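# what shape does this take:
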Amino acid sequence: MIGYHLAYDNSLCGMVMTQGRQRQVINIGLGIKQISVEPKGVSVAAYAESFAHKVCPDHLARLLAMTDMRLATS
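Numbers count the residues shown, from 1 in each chain. So this is what the prediction gives:
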């Protein structure tokens, strides 16, 4: 049996994976990644627009909408 959990908050994304029977876990894996825009100082909206040619219009609109929501709540 394999179980996993994903979580994200602000600029961190984490994943945990377990392997084994229920209540008898053999292996545990953990991965954490900081998500940031490169180069530093570039807005998320500008970063998203810079790769607009690689993303379908629907996904780009969602990214920009999420950016607008974050700016409105800050």
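# so what's the gap between stretch 13-27 and the chain middle?
Relative to its chain's centre, stretch 13-27 lies at 21 Å (Cα atoms, centre = their mean, to the nearest Å).
# show me which residues of it are buried.
residue 18 (16 or more other Cβ atoms under 10 Å). Every residue, glycine included, has its C-beta placed from N, CA and C.
# quote the end-to-end distance of it.
Criterion Cα to Cα, to the nearest Å; first-to-last residue distance in stretch 13-27 is 21 Å.
# what sits up against that stretch?
Outside stretch 13-27, the residues that touch it by Cβ atoms under 8 Å, 6 or more residues apart in numbering are 1-8, 28-33, 35.
# which one of those is nearest residue 64?
Nearest to residue 64 among the contacts of stretch 13-27 is residue 35, at 16.6 Å by Cβ to Cβ.
# tell me the contacts of the closest one?
8, 11-13.
# the same query, at a cut-off of 6 Å, please.
11, 13 (Cβ atoms under 6 Å, 6 or more residues apart in numbering).
# got the domain ranges for the protein?
With domains defined by automatic domain parsing, the chain comprises 1-35, 38-74.
# Throw those into JSON lines and include mean pLDDT, thanks.
Below are the domains of the chain laid out as JSON lines (pLDDT from 0 to 100):
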{"stretch": "domain 1-35", "mean pLDDT": "87"}
{"stretch": "domain 38-74", "mean pLDDT": "73"}
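# need phi/psi at residue 37.
Dihedral angles of residue 37 (phi, psi; degrees, to the nearest 10) stand at phi -90, psi 130.
# how close does it get to residue 5?
26 Å (Cβ to Cβ, to the nearest Å).
# between those two, who's got more neighbours?
Remark: of residue 37 and residue 5, residue 37 carries more neighbours, 15 against 9, as counted by other Cβ atoms under 10 Å.
# state the helix or strand in which the closest residue to that one other than its chain neighbours lies.
The shortest distance from residue 37 to any non-neighbouring residue, by Cβ to Cβ, 6 or more residues apart in numbering, is to residue 47 (4.5 Å). Here residue 47, judged by DSSP states H and E, is contained in helix 44-50.
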